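J.: What follows is a protein structure lacking sequence information:
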């Protein structure tokens, strides 16, 4: 499935990918989920993923707190989410993704569910937007195989989870493992699904 989806993304022209990305982002920004969020966990799209530049710009301009992932160089499979106030706080990371600078404090999956002492943790987004290789109609998400997002999602992120993908990445059913985490919504260039 991963190979097929990567091929389909690679066969899509950059111009068509940009048009579809803009349409999906516009659709999401029209939703109450987006409009009511004051804090959003997002990502910077790369390698043929659905782009997120319009979402990032809109969030920063509106003063929404934006959390972006940064992989842990010394711990494969783990990442932190870091509050970023603009593109000047990003740099190329080890996986070829734009990531928050190392000087900014990050919070890992061990913190995603809160402190455990009844105190709210700073990492408590109102909305989490997730990339994926494919999604299914039951909210199943197939990632890239590293488990980065699954580790986060199993620990917390009780906010609505939205899978962002191109329509061709949406399939009837995915072969998921027990630890694969699901999304509550899927947004493509053609539709927004509540699951």
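T.: Yep, it's here. Small disclaimer: the values here were computed from a predicted structure and weren't measured.
J.: in this protein, which spans are strands?
T.: 39-41, 65-71, 79-84, 90-92, 98-100, 106-107, 127-130, 134-136, 141-142, 161-164, 170-171, 185-187, 192-194 (DSSP state E).
J.: and of those strands, who's closest to residue 2?
T.: With distances scored as Cβ to Cβ, the stretch of the strands of the chain nearest to residue 2 is strand 141-142 (6.9 Å). Every residue, glycine included, has its C-beta placed from N, CA and C.
J.: Does anything pack onto the closest one? Which helices or strands?
T.: Contact partners of strand 141-142 among helices and strands, from 3 or more Cβ pairs under 8 Å, 6 or more residues apart in numbering; DSSP states H and E: strand 134-136.
J.: and if we set it to 10 Å?
T.: strand 134-136, helix 148-155, strand 161-164 (3 or more Cβ pairs under 10 Å, 6 or more residues apart in numbering; DSSP states H and E).
J.: Report how many residues lie close to the nearest residue to residue 160 once chain neighbours are set aside.
T.: Of all residues not flanking residue 160 in the chain, residue 184 sits nearest, at 5.0 Å (Cβ to Cβ, 6 or more residues apart in numbering). By the measure other Cβ atoms under 10 Å, the count of residues near residue 184 is 15.
J.: So which residues make contact with the longest helix anywhere in the chain?
T.: The single longest helix within the chain, with elements called by DSSP state H, is helix 14-29. Outside helix 14-29, the residues that touch it by Cβ atoms under 10 Å, 6 or more residues apart in numbering are 9, 12-13, 34-35, 45, 48-59, 62, 127, 129, 162, 164-168, 185-192.
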